[in-house]
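[1] Here's my sequence, what's the structure:
(chains A, B, C and D)
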Protein chains: 2
Amino acid sequence: MGKSFLFLDTIINKVDAKGRVSLPADYREIVKELSTDIVCYRSLSAPCIEGCTEELLSKLANQIESSLDFFSQTQDDLTNLIFGDARRFTFDSTGRIVLSEKLLKHAQITDAAVFVGKGRKFQIWNPINWEKEEARIRAEIMKNRPSLMFHREED
Amino acid sequence: MGKSFLFLDTIINKVDAKGRVSLPADYREIVKELSTDIVCYRSLSAPCIEGCTEELLSKLANQIESSLDFFSQTQDDLTNLIFGDARRFTFDSTGRIVLSEKLLKHAQITDAAVFVGKGRKFQIWNPINWEKEEARIRAEIMKNRPSLMFHREED
DNA sequence: TGGTATAGCATGGGAAAATATGGTAATCAA
DNA sequence: TTGATTACCATATTTTCCCATGCTATACCA
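    Numbers count the residues shown, from 1 in each chain, chains lettered A, B, ... in the order given. The predicted model follows:
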């Protein structure tokens, strides 16, 4: 029943000569549960691949249609870029997807890829780049927003 | 009656060579009642593991998505940090979870772990570290007692 | 009150299943 | 046909599952 659908954890997998890489088992589980597909595109803000369920992109499309005043022109442009760039990636019976040359190049991925959970989305990084990025983020967050991190109390 | 969603008490359990440790029975009860899972991640503020229900994390995902722009840098950083580090931990029929090497290392846990209830969350400590931490906290609280006592209200 | 039965829990070990990954065969397009 | 893409098999390793044992706390009875 009501499982939540979060992409979590940080997992490193090998990428072979054909660009094949195992989608983490947890991620595959989400795809099956939701009867959706994984969609990937080049991140607009970082040298990495970004992915989510096709379902989420669909919601995003709805949001934009129904609340034009809420989204800025800039964001509208960004979504155009994403929808134009995004592609469906289905995994085979062993759980692997085949990343395209375009995506691999953008993320500078050659023989290994790191899947990083982002909740409703996830990212795929070159391992070394991710190591640096994680360090940057930790430093940044601790510096600026300690209040955001600790003890968010609801209701 | 079943709406007691608080992680409470302080319980010490053994950690075996495989990293297995019994989740306290009370915690397992919460997981069953809520039909959710336990999620653990490295605490940002202390050398310990922090845990909560996946449900709580899911709420956080919704909050972040609704309160910040879909494409904001801050949102990107936050989601990477939180969800990238967190992982789902399901317990087996005997009530044990298997802690990852990363978490054990962060909390300096080897052969025993202390579960400390924190209400909506809990923490897992190396026993000795927790002993020190508890002493520190008590000292701190006592120092500021006049302003802290008798104000917390729970339902 | 004290001793004992009982149920629930923690823990050790081993069997079974799932996963990642290399390789090969089948399919499709140009 | 040829090159490229996709689907399928094989296997080693990791992870998960389950049985068995011992311990602890609570209930129960004399």
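[2] Could you report the pLDDT at A:Gln75?
    A:Gln75 is assigned a predicted lDDT (pLDDT) of 68.
[3] What about A:Glu131, how many residues nearby?
    12 (other Cβ atoms under 10 Å in any protein chain shown). C-beta here means a position set from N, CA and C on the backbone, and glycine is covered the same way.
[4] Is DNA strand C within reach of stretch A:127-147?
    No: contact of stretch A:127-147 with DNA strand C (Cβ under 7 Å from any atom of the strand) is absent, the minimum separation being 11.7 Å.
[5] Just the CA trace of that stretch, in CSV.
    This file holds the C-alpha atoms of stretch A:127-147, laid out as CSV (Å, rounded to 0.1, in the frame of the first residue of the first chain):
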residue,chain,number,x,y,z
PRO,A,127,32.6,9.5,-9.0
ILE,A,128,35.3,12.0,-8.7
ASN,A,129,33.1,14.9,-9.6
TRP,A,130,30.6,13.8,-7.0
GLU,A,131,33.1,13.6,-4.3
LYS,A,132,34.0,17.2,-4.9
GLU,A,133,30.4,18.3,-5.2
GLU,A,134,29.4,16.6,-2.0
ALA,A,135,32.2,18.3,-0.1
ARG,A,136,31.2,21.7,-1.6
ILE,A,137,27.5,21.2,-0.6
ARG,A,138,28.4,20.1,3.0
ALA,A,139,30.6,23.2,3.4
GLU,A,140,28.0,25.4,1.9
ILE,A,141,25.0,24.2,3.9
MET,A,142,26.9,24.2,7.1
LYS,A,143,28.0,27.7,6.5
ASN,A,144,24.8,29.3,5.4
ARG,A,145,21.9,27.3,6.6
PRO,A,146,22.4,25.4,9.8
SER,A,147,18.9,26.3,10.8
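[6] contacts for that stretch?
    Stretch A:127-147 is touched from outside by A:10, A:12, A:46-48, A:107-108, A:112-114, A:116, A:125, A:148-149, B:44, B:74, B:77-78, B:80-81, B:84, with contacts defined as Cβ atoms under 8 Å, 6 or more residues apart in numbering or on different chains.
[7] contacting residues around the spatially closest residue to A:Ser45 that is not a sequence neighbour?
    Of all residues not flanking A:Ser45 in the chain, B:Asp76 sits nearest, at 6.1 Å (Cβ to Cβ, 6 or more residues apart in numbering or on different chains). Neighbouring residues of B:Asp76 by Cβ under 8 Å, 6+ apart: A:Ser45, A:Ala46, A:Lys118.
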